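# let's see this in three dimensions:
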Amino acid sequence: MNLHDFMQVPYYQLYEMNHAALSPMRAAADVTRLYFKNPLNPASHTPMGRSVAAACELFERVTRRYGKPTFGFGSTRVGGVKVPVHEEIVWQRPFCRLIHFQRALDKPRNDPKLLIVAPMSGHYATLLRGTVEAFLPTHDVYITDWIDARQVPLSDGLFDLDDYIDYVISMLHRLAGDTHVMAVCQPAVPVLAAVSVMEADGDPYAPNTMTLMGGPIDTRENPTAVNDLAMTNGIDWFKRNVIMQVPFPLPGVMREVYPGFLQLSGFMSMNLDRHLIAHNDFFNHLVTGDGDSAEKHREFYDEYMAVMDLTAEFYLQTVETVFIDHALPKGEMMHRERPVEPAAIRNTALLTVEGEKDDISGIGQTRAAHRLCSNIPDEKRAHYMQEGVGHYGVFNGSRFRSEIAPRIADFIRSNRSPANAPVQAPGRAAVSAASSAGAGAGAGAGAAAAKPAAAPAPKHAAKPAARLQAVPAGLAAITLAAPDGEPDDLKRISGIGPKLAAALNGAGIYHMRQIAALSAAQLAELDEKLSLRGRAIRDDWVAQAKALG
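Okay, here's the model as predicted:
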């Protein structure tokens, strides 16, 4: 193959060839890592051995293809009681599934139905794991699970922005009314369009409330680097440079897509220095044995690096409609040859949420929805801007759990259908959210706060305490109230850092022999108690403790 022929090989195929070529090296690196992490290997306890193991793990992680993560909700707490959670597919089309997180409740609860529309912008719906987790105890939660376009055969047809809007409408019909919809980032536009179409048609299944979070409703407001890229290059540049065909032997072979690996490159290039520092820190954490920090890095990048392909027609139509033409705020957006008119929305309550430091959807872009939805009564609208958070902090993290989620919950309960109207006094979060509204929404938010709302949910800080108080009987058989003499240095076990060692001591585990004696059932209980997410089994703490004890 000469240079000219080589340059004719499509870039997607080159990516696949490169990934395949690196497979033997990844396997060798993984074997070497295991060799130098084996506690029976004397070198594993030396700085050199730990450095080799760390380098091998780092190489394997930066060259692997990350699969679709799982939500992994085994249970949640409802009213302080732990209940199992099961995922159920309740609606399905070629490009999306609707997942219902079914809670195994002893008694039926009149909790609001919440449809969370996850972004179709590269990452999987599991990126909103923290969002779902925050609402599971008090809401009947559903989420859109978008399908990787390269896994959808070309025979299943195309999928564009109009189809996205139709999907949202179909899902709301499946949920059959008394539903609340939440759009996180990218779906803010199609969800607003879907609700506009439903209200214009007098659809009885239009949602009671619509929460738009960090979405690009009007990207002319405080444009970010993402917005500037679209405006600077134009739609033809995107067609020429980022659209590729899925290669054989993937199920979606020949389908034109915007590949996930290109999207990931774009995500990372926006903050490349941060990612380089994070990986350097990860290497150092592995060498020093800081298992807690290393595991946080793994958890974040296992999610962040898992990306999916988007259909070319959906991606290009979204770029042109939202970021180049600004069709929605200009009143020019069409859905299947009919105008999208947000002013038709009169019954669905509107809450918008923004982050002060959002570098993807700038301040004011989401709030613009209030200007467009001019006929929503003042008492049924509110806006909230969370200080000190960026784009991902709008729907995940400590500020989301403590500040944003309670406000959304109170807004939802304040705007339920009459048959489900709450009778309790309004919660403080609703009043706070209402006071944050402005520019025509402020007075309405105040009125919304005056409506009855459910009593505030228990503080999130109380959850871990309640969980720690429930000591499993099986685990109690090996735990100690105090160390038996001098406690062992549990940090000698690979994967246990200072924080985790302290947590184990707090749970009554001070000695290697205690860990070495853990049964499978006790390991599972310890995993649940300390939220280890399988770390003890993955790093084989029991075998390490036996070798070190």
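# when you work out contacts or count neighbours from here on, use the C-alpha atoms and nothing else.
Will do.
# okay, residue 246: pLDDT?
pLDDT, residue 246: 91.
# now do the contacts for it.
Residue 246 makes contact with 12, 150, 252, 253, 254, 255, 256, 257, according to CA atoms under 8 Å, 6 or more residues apart in numbering.
# kindly recompute the last result at 7 Å.
If you count contacts by CA atoms under 7 Å, 6 or more residues apart in numbering, residue 246 has them with 150, 252, 253, 254, 255, 256, 257.
# what comes up buried for the helix or strand hosting residue 23?
Using DSSP states H and E, residue 23 falls within helix 11-37. Judged by neighbour count (16 or more other CA atoms under 10 Å), helix 11-37 contains these buried residues: 12, 26, 29, 30, 32, 33, 35, 36, 37.
# do the same with stretch 523-539
523, 524, 525, 526, 527, 528, 529, 532, 536, 539.
# in helices, which of those residues appear?
Among the buried residues of stretch 523-539, the residues falling in helices (DSSP state H) are 523, 524, 525, 526, 527, 528, 529, 536.
# and residue 47, how far is that from residue 499?
21 Å (CA to CA, to the nearest Å).
# and what of residue 55?
Separation of residue 55 from residue 499 (CA to CA): 23 Å.
# ok, the two, which is more surrounded?
The neighbour comparison of residue 55 against residue 499 (other CA atoms under 10 Å) goes to residue 55, with 20 against 14.
# element containing that one, please.
Here residue 55, judged by DSSP H and E, is contained in helix 47-63.
# how about residue 257?
With DSSP H and E as criterion, residue 257 is part of strand 256-258.
# identify each buried residue in whichever helix or strand comes after that strand, please.
Sequence order places helix 260-270 as the next helix or strand after strand 256-258, per DSSP H and E. Of all the residues in helix 260-270, those buried under the rule 16+ other CA under 10 Å are 260, 261, 262, 263, 264, 268.
# which element is encountered next along the chain beyond helix 260-270?
Sequence-wise, the next helix or strand beyond helix 260-270 is helix 272-288, with elements assigned using DSSP H and E.
# helix or strand right after that following helix?
Sequence order places helix 291-304 as the next helix or strand after helix 272-288, per DSSP H and E.
# what mean pLDDT would you report for stretch 288-303?
86.
# again, but for stretch 369-381
The model assigns stretch 369-381 a mean pLDDT of 95.
# likewise for stretch 343-352?
Across stretch 343-352, the average pLDDT comes to 96.
# can you tell me what sits against that stretch?
Under CA under 7 Å, 6+ apart, the answer for stretch 343-352 is 196, 199-200, 207-213, 366-367, 372-377, 380-384, 415.
# okay, now the unreliable bits of the stretch 1-150 of the chain?
Flagging of the stretch 1-150 of the chain using pLDDT under 70 yields the residue ranges 1-9.
# what would the ones in helices among the buried residues of stretch 523-539 look like in JSON lines with pLDDT and distance to residue 108?
JSON lines is the format used below for those (pLDDT from 0 to 100; distance: CA to CA, whole Å):
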{"residue": "523", "pLDDT": "84", "distance to residue 108": "33"}
{"residue": "524", "pLDDT": "80", "distance to residue 108": "29"}
{"residue": "525", "pLDDT": "82", "distance to residue 108": "28"}
{"residue": "526", "pLDDT": "88", "distance to residue 108": "31"}
{"residue": "527", "pLDDT": "81", "distance to residue 108": "30"}
{"residue": "528", "pLDDT": "79", "distance to residue 108": "26"}
{"residue": "529", "pLDDT": "83", "distance to residue 108": "27"}
{"residue": "536", "pLDDT": "84", "distance to residue 108": "36"}
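# so which pair among those is furthest apart in space?
529 and 536 (12.1 Å; CA to CA).
# in the longest strand seen in the chain, what counts as buried?
Longest strand in the chain by number of residues (criterion: DSSP state E): strand 81-93. Neighbour-count burial for strand 81-93, counted by 16+ other CA under 10 Å, picks out 83, 85, 87.
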